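# just the structure for this:
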Amino acid sequence: MSKNGRVLVAMSGGVDSSVAAMMLHEEGYEVIGITMKTWDYAASGGSKKETGCCSLDSINDARGLAVKFGFPHFILDIRNEFGDFIINNFVDEYIAGRTPNPCVLCNTHIKWEALLKRADKLDCEFIATGHYAQHRLENERYVISRGLDHSKDQSYVLWGLTQDSLARTRFPLGGFRKADIRNMAAESGFVDLANKSESYEICFVPDNDYRGFLKRRVPELEAQVDGGDFVLSDGTKVGTHRGYPFYTIGQRKGLEIAMGKPFFVLDIQPDTNTVVLGEKEELSKFSMQVRGVNLQKYAELPEDMPSLTKIRYKHEGTMSLLNHLPNNEMQVDFMEAVSGVAPGQSAVFYEGEDLLGGGFIKKQEVIK
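Have a look, this model is predicted:
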């Protein structure tokens, strides 16, 4: 009987999840490893060689580490669950003129749900992942905070997790830097794993070409939307485009239109197949609304709650004031202009190092 209990560890075959499993094993947990196959690369039709969490090499790497440390390892095929929910949502969001964030949905609705379901079947009290995030119990609520290594912090993609899920979750890497994790792998004899490169693409778009993925997924889409209008914010038509789903707010490159100076995508209007262009300063927003809000640190927030709000993963964040709206929505008023607010992306709220919660950007509001 282990001193800390039994834990089901999500193992992608990468260095982070592998070291997470190794650390928990050494801390006295009874570890069971599980690799989730979420996507079949051959089905994507892309040109890039199969790599990453779903490849045979990655599965073998995860299994090899489990064998060395003597704990069980299983492969869980969740391609149907993943495809029906995550990929359909990804396509639907672009067709709705929004920019989706599939990693957030996958964590909340697929990976954690699948892990907890299998953890129950395997009598595991806990689940664990290789995310760079920390969490603690405070005032009877589980609170996620940023990982020690801010350059690798992944708290942004965890805002959708519920209190019940967090109660059973462990994040072994949260208090370490990436360099420390690579050193641990090398010192344990896994030199190749320690030097393994990271993948930053969406797992089911391995060539990072979401436009090509959409065209392959919905073959009739390109013909349906080709030839829409590029307009300025005053409605003046300045050209034609290849279809509104193939553009994102803030995009400058690839517009294929000569304006004499840089222009950016300001808005996407699917009902009329219109893409609004403007100069950089027109991207600035001072407020937005957020839907599907999930709070973590507090059950509810006071009026004008100060927050550092991030509107995308690499965004450093902007101070803002939060106010509840009906239907589980939030009004966010920025204290200074923010550029590139894209409906569909995640807005994530922080109080210092702690994650207050987050939601999906519903609409941008004031243009200054």
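# okay, helices next: where are they in this protein?
Secondary structure of the chain (DSSP state H): helices at 15-26, 56-69, 79-82, 88-95, 102-105, 112-121, 163-167, 178-187, 191-194, 210-217, 221-225.
# relative to residue 293, which of the ones you listed is closest?
Nearest of the helices of the chain to residue 293, taken as CB to CB: helix 102-105 at 12.8 Å. C-beta coordinates here come from the backbone N, C-alpha and C atoms, glycine included.
# and residue 216, how far is that from residue 257?
Distance, residue 216 to residue 257, using CB to CB, to the nearest Å: 26 Å.
# ok, now residue 155?
Residue 155 sits 38 Å away from residue 257, going by CB to CB.
# which of these two has more neighbours?
Taking neighbours as other CB atoms under 10 Å, residue 155 and residue 257 compare with residue 155 leading, 26 against 13.
# that one is in contact with residue 147, isn't it?
Yes - using CB atoms under 8 Å, residue 155 is in contact with residue 147, at 6.8 Å.
# quick one on the thing from earlier: now render the helices of the chain as JSON lines, adding distance to residue 231.
Listed next are those as JSON lines, based on distance: least, CB to CB, whole Å:
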{"stretch": "helix 15-26", "distance to residue 231": "45"}
{"stretch": "helix 56-69", "distance to residue 231": "45"}
{"stretch": "helix 79-82", "distance to residue 231": "37"}
{"stretch": "helix 88-95", "distance to residue 231": "20"}
{"stretch": "helix 102-105", "distance to residue 231": "29"}
{"stretch": "helix 112-121", "distance to residue 231": "42"}
{"stretch": "helix 163-167", "distance to residue 231": "44"}
{"stretch": "helix 178-187", "distance to residue 231": "45"}
{"stretch": "helix 191-194", "distance to residue 231": "51"}
{"stretch": "helix 210-217", "distance to residue 231": "21"}
{"stretch": "helix 221-225", "distance to residue 231": "15"}
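# tell me which of those helices sits most buried.
Of all the helices of the chain, helix 15-26 has the most neighbours on average by mean count of other CB atoms under 10 Å, namely a mean of 24.
# for it, packing partners?
Identification of packing neighbours for helix 15-26 by 3 or more CB pairs under 8 Å, 6 or more residues apart in numbering; DSSP states H and E yields strand 6-10, strand 30-37, helix 56-69, strand 126-128, helix 178-187, helix 191-194.
# quick one: which of those is nearest residue 338?
helix 178-187 (28.1 Å).
# who touches that closest one?
Taking contacts as CB atoms under 8 Å, 6 or more residues apart in numbering, the residues outside helix 178-187 that touch it are 15-16, 18-19, 22-23, 132, 149, 151-152, 173, 191, 193-195.
# give me that answer again for 10 Å
With CB atoms under 10 Å, 6 or more residues apart in numbering as the test, helix 178-187 has contacts from 14-16, 18-20, 22-23, 26, 65, 130, 132, 147-149, 151-152, 172-173, 176-177, 190-196, 198.
# pull the contacting residues for the most centrally placed residue in the chain.
By CA atoms, centre = their mean, the chain has its centre lying nearest to residue 103, at 3.2 Å. By CB under 10 Å, 6+ apart, the residues touching residue 103 are 86, 111, 154, 156, 157, 158, 202, 203, 313, 346.
# go with 7 Å
residue 157 (CB atoms under 7 Å, 6 or more residues apart in numbering).
# and the gap between it and residue 359?
Taking CB to CB, one finds residue 103 at 15 Å from residue 359.
# residue 308 too?
15 Å.
# can you check residue 203 too?
Distance, residue 203 to residue 359, by CB to CB: 23 Å.
# settle it for me: which of those two has more neighbours?
residue 359 (23 against 20).
# can you list contacts of the helix or strand bottoming out on mean pLDDT in the chain?
Least confident helix or strand of the chain, by mean pLDDT, DSSP states H and E, is helix 79-82 with a mean of 85. With CB under 7 Å, 6+ apart as the test, helix 79-82 has contacts from 37, 38, 39, 40, 110, 114.
# now list the buried members of these.
Among these, those buried by neighbour count (16 or more other CB atoms under 10 Å) are 37, 38, 39, 110, 114.
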